[in-house]
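>>> Only the shape, not the letters, is given here:
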């Protein structure tokens with residue numbers, strides 16, 4: 001075999017050996033992020049474990065991997081593991097608003113609402129234009145009975161992202177709690193316009209319409225809730 005061909009083959013083999021781990025690492029990184037929610041939470045944890053054991057992962061990417069694994073642990077309701085991962089992600093990347101937002105979601109699920117509000121507030125301080133944090137903080141304010149604060153946060157979320165159906169739904173709930181039923185219905189209307197499969201918005205609108213004595217309209221929404229729920233089980 002010609003010498004130059006031998007050298008070329010050896011170089012190609014060496015390159016393949018070097019490239020394969022990086023390619024596997026990149027695939028694990030994509031699986032760890034699970035952007036399209038194609039993997040189960042357990043599969044996502046496994047991918048993140050492999051990615052975090054790999055060589056050459058940058059500080060930024062490690063922080064994102066800890067955040068992603070934290071999200072998976074949160075979905076599995078393994079909250080201690082989720083919080084530990086979010087803490088590590090924040091240590092690596094302390095000025096990333098979405099990590100605080102995600103840790104706050106876990107805290108809210110744990111019933112730690114005051115701590116959740118603190119994290120949502122930190123996320124907003126880092127990025128004052130981060131609509132999800134306003135949306136989420138508004139929901140926690142409502143759970144604590146702070147309905148005016150909830151309306152203010154949901155309104156700001158809507159100003160930043162007018163397509164955010166959950167903010168209209170959240171503000172509608174706060175208006176309902178304050179007895180402002182017409183405003184509540186208007187917000188539920190908009191949430192449904194933005195997302196025709198928004199079961200909670202249909203359910204919430206049905207409740208308010210029932211309270212207003214509009215029983216026929218409420219029944220239509222209740223039937224739509226049943227239809228959507230049945231479709232989701234198919």
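Received, thanks. Treat the numbers as computed from the prediction; the structure is a model and nothing was measured. Numbering: from 1, shown residues only.

>>> Could you check how many residues crowd around residue 144?
Residue 144 has 14 neighbouring residues, counting by other CB atoms under 10 Å. For every residue, glycine as well, the C-beta is placed using N, CA and C.

>>> Not counting its neighbours along the chain, what's nearest it?
residue 113 (5.8 Å; CB to CB, 6 or more residues apart in numbering).

>>> Look at that neighbour and report its pLDDT.
According to the prediction, residue 113 has pLDDT 97.

>>> Now for it: which residues touch it?
Going by CB atoms under 8 Å, 6 or more residues apart in numbering, residue 113 touches 107, 140, 143-144.

>>> Give me the subset of those that lies in helices.
107, 140, 143 (DSSP state H).

>>> What distance do you get for the nearest residue to the last one once chain neighbours are set aside to residue 140?
Take residue 143 and drop its neighbours on the chain: the residue closest to it by CB to CB, 6+ apart is residue 113, 6.1 Å away. When distance is defined by CB to CB, to the nearest Å, residue 113 is 5 Å away from residue 140.

>>> Burial check on residue 36, number of neighbours?
When neighbours are counted by other CB under 10 Å, residue 36 comes out with 7.

>>> most centrally placed residue in this structure?
The centre of the chain sits closest to residue 102, judged by CA atoms, centre = their mean, with a distance of 6.9 Å.

>>> Can you tell me which helix or strand of the chain has the lowest average pLDDT?
When the helices and strands of the chain are scored by mean pLDDT, DSSP states H and E, helix 3-33 comes last with a mean of 58.

>>> Where does the nearest residue to residue 67 once chain neighbours are set aside fall, secondary structure wise?
In this structure, residue 67 finds its nearest non-sequential neighbour in residue 89, 4.3 Å apart by CB to CB, 6+ apart. Per DSSP states H and E, residue 89 falls inside helix 79-92.

>>> got it, and residue 222?
Using DSSP H and E, the element containing residue 222 is helix 215-232.

>>> I'd like the contacts of residue 113 laid out as JSON lines, including pLDDT and distance to residue 174.
Listed next are these as JSON lines, based on pLDDT from 0 to 100; distance: CB to CB, whole Å:
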{"residue": "107", "pLDDT": "98", "distance to residue 174": "21"}
{"residue": "140", "pLDDT": "98", "distance to residue 174": "12"}
{"residue": "143", "pLDDT": "97", "distance to residue 174": "10"}
{"residue": "144", "pLDDT": "97", "distance to residue 174": "11"}
